[in-house]
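Peer 1: Model the following, please.
(chains A, B, C and D)
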Number of protein chains: 2
Amino acid sequence: MVVSSPTPDVDNRPISSPQATKLRILETAERLFTEQGFAATSLREITATARVNLTAVNYHFGSKEALIDAVLTRRLQPLNQLRLDELNALEATSCGRPLSVTAILNVYVGATFKLDENPTSGGSIFLRFLGRAFTEPTEQVKQILQRQYAVMAVRYKHALMAALPHVSEEDLVAHAVYVRCHFLYDGGY
Amino acid sequence: MVVSSPTPDVDNRPISSPQATKLRILETAERLFTEQGFAATSLREITATARVNLTAVNYHFGSKEALIDAVLTRRLQPLNQLRLDELNALEATSCGRPLSVTAILNVYVGATFKLDENPTSGGSIFLRFLGRAFTEPTEQVKQILQRQYAVMAVRYKHALMAALPHVSEEDLVAHAVYVRCHFLYDGGY
DNA sequence: GTACGTTTCAAACGTTCGTTTCAAATAAAC
DNA sequence: GTTTATTTGAAACGAACGTTTGAAACGTAC
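Peer 2: Numbers count the residues shown, from 1 in each chain, chains lettered A, B, ... in the order given. Now for the predicted structure:
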């Protein structure tokens, strides 16, 4: 090709915005990992689907595990930050009085729904990807989840303990695990 | 070893009952596939965990895909047969009158719970394995599921159509897919 | 004891995988 | 224009994978 003017690619996206390849890899990996799982999806399939070079993965991320971490962190960090922000906003209006359990769970689940409805935040695809991370857990993935959930989980746990002063911390955590409340995830089980 | 008298192995199971190796492979594969997924579990890990030889897999099953099929069919066939038997028994007592939706769903879910509570039928491990089959579907796995569900799904569909004469078949199937009623699984989606 | 089905063993096949290297081309930033 | 960051390209590395082969040992049944 002799044409040197910038042309949109097949997806009608600018072909040469900086780190366009990195973004294409992230989005394609998120989709293929969600559909097929981590082990069943090869880097060659990801790069071929994203129409980028194989070596770009190791250039931008370093390894396949690091790519999985990047896909996970990119969505999970804003999600848990939103959960923290909304809890902060709620507590700011309560003037020190303990919140109700309903209100606490409402902001938590509400943040999940906001993500689910927002396509720019990954939409429902990432929630399914998150299920993969819990279903097919690598050792490194476990650590990522533990790190990402740590701060928010403690905050929500304390809020629930204030809302339920007659419930011991052990009973609260045990029951949260039982009903699969992942925001209290401590990586222990 | 010069000792030739039969000795129990580590699991206290007779070491030389015919096809003991085949059973050990099936049980170990069921467990590891459930915990890690199909692609993430290698034949070498399965045979090493089961303490049998690697070549025994291809001797008894022929391939890894055939092993997955064997693990799936071993549990799914009796489960769906039980679902059929219980529906037959229910219809035998109804003397031709259409069954209630509650009764139909009751025997179906009841069969699932009976499996879940029966360790010799695979217990809850197989139900999780079944989830793997739906989550990480190979082309061959799709065909196995389609074949295994075909007969029972049609019977339950007809029973529900008789119970709900004012609902069209299309609406019934569409709604069943929506609420994830896998016993109406037709492999189409 | 012979025959047959089962299981182990060691070794290798070809393929795919994640990863690396080196070079070249392209685009962005200064 | 020079420099830096990005992207592509072709090729290969060692490792792990599913699979196959050929031979030997073991078990049971007749």
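
Peer 1: Is any residue of stretch A:27-46 near chain B?
Peer 2: Yes - applying C-beta under 8 Å from any C-beta of the partner chain, one finds that stretch A:27-46 is in contact with chain B at A:36, A:37, A:38, A:39, A:40. In short, each C-beta sits where N, CA and C put it, glycine included.

Peer 1: could you pick out which of those residues are near DNA strand C?
Peer 2: Residues of the residues of stretch A:27-46 next to chain B in contact with DNA strand C (C-beta under 7 Å from any atom of the strand): none.

Peer 1: so can I have CSV of those residues showing secondary structure?
Peer 2: Formatted as CSV, the entries for the residues of stretch A:27-46 next to chain B read as follows, by DSSP: H, G, I helix; E, B strand; the rest coil:
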residue, secondary structure
A:36, helix
A:37, coil
A:38, coil
A:39, coil
A:40, coil
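
Peer 1: Most neighbours out of the residues you listed, which is it?
Peer 2: Neighbour counts for the residues of stretch A:27-46 next to chain B (other C-beta atoms under 10 Å in any protein chain shown) peak at residue A:38, which has 24 neighbours.

Peer 1: In this structure that residue contacts residue A:68, no?
Peer 2: Yes - applying C-beta atoms under 8 Å as the test, residue A:38 and residue A:68 come out as touching, 6.1 Å apart.

Peer 1: any residues in contact with both of those two?
Peer 2: With contacts defined as C-beta atoms under 8 Å, 6 or more residues apart in numbering or on different chains, the residues adjacent to both residue A:38 and residue A:68 are residue A:138.

Peer 1: Go ahead and confirm residue A:54 touches residue A:60.
Peer 2: No - with contact defined as C-beta under 8 Å, residue A:54 does not reach residue A:60; the gap is 11.9 Å.

Peer 1: Those two: which is more packed in?
Peer 2: Here residue A:54 and residue A:60 are set side by side on neighbour count (other C-beta under 10 Å), and the busier one is residue A:60, at 17 against 13.

Peer 1: check contacts around the more buried one.
Peer 2: Taking C-beta under 8 Å, 6+ apart as the definition of contact, the neighbours of residue A:60 are A:19, A:21, A:22, A:25.

Peer 1: Ok, residue A:174 next?
Peer 2: Taking C-beta under 8 Å, 6+ apart as the contact definition, residue A:174 lies against nothing.

Peer 1: List the buried residues for the strand or helix carrying it?
Peer 2: Counting by DSSP states H and E, the secondary-structure element that holds residue A:174 is helix A:169-178. Within helix A:169-178, the residues that count as buried by 16 or more other C-beta atoms under 10 Å in any protein chain shown are A:172, A:173, A:176.

Peer 1: And stretch A:50-63, by the same measure?
Peer 2: A:50, A:52, A:56, A:57, A:60, A:61.

Peer 1: gap between the two ends of that stretch?
Peer 2: When the termini of stretch A:50-63 are compared using C-alpha to C-alpha, to the nearest Å, they are 17 Å apart.

Peer 1: ok, back up a step: write the PyMOL selection for whichever of the contacts of residue A:60 are buried.
Peer 2: With 16+ other C-beta under 10 Å as the criterion, this PyMOL line picks the buried residues out of the contacts of residue A:60:
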select buried, chain A and resi 21+22+25
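
Peer 1: Format the contacts of residue A:60 as a markdown table; extra columns: pLDDT and secondary structure.
Peer 2: Shown next, in a markdown table, are the contacts of residue A:60 (pLDDT from 0 to 100; DSSP: H, G, I helix; E, B strand; the rest coil):
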| residue | pLDDT | secondary structure |
| --- | --- | --- |
| A:19 | 72 | coil |
| A:21 | 90 | helix |
| A:22 | 93 | helix |
| A:25 | 96 | helix |
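
Peer 1: Put together JSON lines for the contacts of residue A:60, with distance to DNA strand D on each row.
Peer 2: JSON lines is the format used below for those (distance: C-beta to the nearest atom of the strand, whole Å):
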{"residue": "A:19", "distance to DNA strand D": "5"}
{"residue": "A:21", "distance to DNA strand D": "4"}
{"residue": "A:22", "distance to DNA strand D": "5"}
{"residue": "A:25", "distance to DNA strand D": "8"}
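
Peer 1: wait, which of the contacts of residue A:60 is closest to DNA strand C?
Peer 2: Using C-beta to the nearest atom of the strand, residue A:19 is the member of those that lies nearest DNA strand C, at 9.2 Å.
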